[in-house]
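Engineer: predicted model, plus sequence, below.
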Amino acid sequence: VAQALFGDPAVLLLDEPTNHLDLDSIHWLEEFLGRYAGVLIVISHDRHFLNNVCTHIADIDYETIITYTGGYDDMVMAKTQIRAQVEGQNAQRDKKIAQLNDFIARFSAGTRSSQVQSRRKEVERLQTTELARSNIQRPNIKFAMARPSGRTVLEFSGVTKGFGGTPVVSGFGGIVSRGEKIVLVGRNGQGKTTLLKALLSDAPGADGSPADIDEGAIRWGHEVSVGYFPQDHTGAIEHGLTVVEWLHRFDPDAARQDIHGLLGQMLFSGEEGLKPTAGLSGGETARLLLCRIMLQKPNVLVLDEPTNHLDLEAINALNVALQKFEGTVLLVTHDQDLMEEVGTRIWHFE
């Protein structure tokens, strides 16, 4: 980002510049671009960033590109209104055509041939063109629980973890109650992932390691089951399998049809379920990891930057799913909308 901005260029082309940036860095970038006098063309899946930075949105959909004035939310509103208007006009035309065709069918063999002919011409004039279908796909994310946890989900004290003699998390303690949605925020490198891994070192349903914590007492509550989404996807999905085979391992009793249905919800349609895991893109990997959590139905979600590699539709779907989830959430994110709309409590790292 620094290399692109340095030297005051006349034009900036930024392709997802906020990926992996922390919130302070995103805010700094928003302020810089607000002062920037040149032309900016940016690709981003951060709704808040787009609303703060952009004066126009070029929307690639319906087999074309339409440019709207304003930020992302302005675009969505205008696009919805225009589409509804076009669909309404088409419905009116279809109704009129049906009436004309009814007249033609009744009187084509009679004496009113001139009137029939004029109505045939009217039908040709009104004939609606097929509306292009939207190419935007929206995943259907829904987190269900196999069973609820006890009222106290997690109690911990004195949690400490360091690297090379340098403490990253030192003596941290707290209580997490059922239904809380705690957002961990702070600059990159402040210890958010380190704390999550320490808490997961002995968590039910998570592949934690005793090496992830140096000191501290951790007690997970009654009937707790944890679903974990790691920030680093390296090694999270085993290679040498298809997508269906990998997901089926987490519930061998599930019917193949149900596995395919779940994958379809997350946009792995048809033959994409047979795709080798080694060939998955970043976005596909993220969606497959969310599939695993949906299949396992835990009552505690531990999500470490789940929006990285997701597009805007998937991020919005995740936002809604987390708001509706009746269990407990520990969430690391730099997405301001997710933070404000999902979180009930903040752990701020400094």
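Structural biologist: Cool, got the structure. Residues are numbered from 1 along each chain as shown.

Engineer: count the residues that sit near Ser25.
Structural biologist: 16 (other C-beta atoms under 10 Å). Yep, even glycine has a C-beta here, placed from its N, CA and C like the rest.

Engineer: likewise for the one 5 residues further on?
Structural biologist: Glu30: 17 surrounding residues under other C-beta under 10 Å.

Engineer: contacting residues for it?
Structural biologist: 49, 52-53 (C-beta atoms under 8 Å, 6 or more residues apart in numbering).

Engineer: would you quantify the distance from the residue nearest to Thr344 when sequence neighbours are not counted to Thr277?
Structural biologist: Of all residues not flanking Thr344 in the chain, Lys181 sits nearest, at 4.7 Å (C-beta to C-beta, 6 or more residues apart in numbering). Lys181 is 30 Å from Thr277, where distance means C-beta to C-beta, to the nearest Å.

Engineer: what does Leu33 give?
Structural biologist: On the measure of C-beta to C-beta, Leu33 and Thr277 end up 38 Å apart.

Engineer: follow-up on the earlier one: save the contacts of Glu30 as TSV, and put in distance to Leu331 too.
Structural biologist: Output for the contacts of Glu30, formatted as TSV (distance: C-beta to C-beta, whole Å):
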residue	distance to Leu331
Phe49	19
Asn52	22
Val53	24
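
Engineer: where exactly do the strands run in the stretch 1-150 of the chain?
Structural biologist: For the stretch 1-150 of the chain, the strands defined by DSSP state E, counting those that start in this stretch occupy 11-15, 39-43, 56-61, 64-69.

Engineer: among those, which comes closest to Gly189?
Structural biologist: strand 11-15 (23.0 Å; C-beta to C-beta).

Engineer: now do that closest one and strand 39-43, the angle between them.
Structural biologist: If you take axes from the mean of the first three to the mean of the last three C-alpha atoms, to 10 degrees, strand 11-15 sits at 10 degrees to strand 39-43.

Engineer: now do strand 11-15: which elements does it pack against?
Structural biologist: Under the contact criterion of 3 or more C-beta pairs under 8 Å, 6 or more residues apart in numbering; DSSP states H and E, strand 11-15 touches helix 2-5, strand 39-43.

Engineer: which of these sits most buried?
Structural biologist: Highest mean neighbour count among the helices and strands packed on strand 11-15 (mean count of other C-beta atoms under 10 Å): strand 39-43, with a mean of 13.

Engineer: tell me the mean pLDDT for it?
Structural biologist: For strand 39-43, mean pLDDT is 97.

Engineer: paired strands for that strand, with orientation please.
Structural biologist: strand 11-15 (parallel) (DSSP bridges).

Engineer: ok, and what's touching the partner strand?
Structural biologist: Contacts of strand 11-15 (C-beta under 8 Å, 6+ apart): 1, 4-5, 33, 36, 38-44.

Engineer: what do you get if the cut-off is 10 Å, keeping everything else the same?
Structural biologist: Taking contacts as C-beta atoms under 10 Å, 6 or more residues apart in numbering, the residues outside strand 11-15 that touch it are 1, 4-5, 29, 32-33, 36, 38-44, 53.
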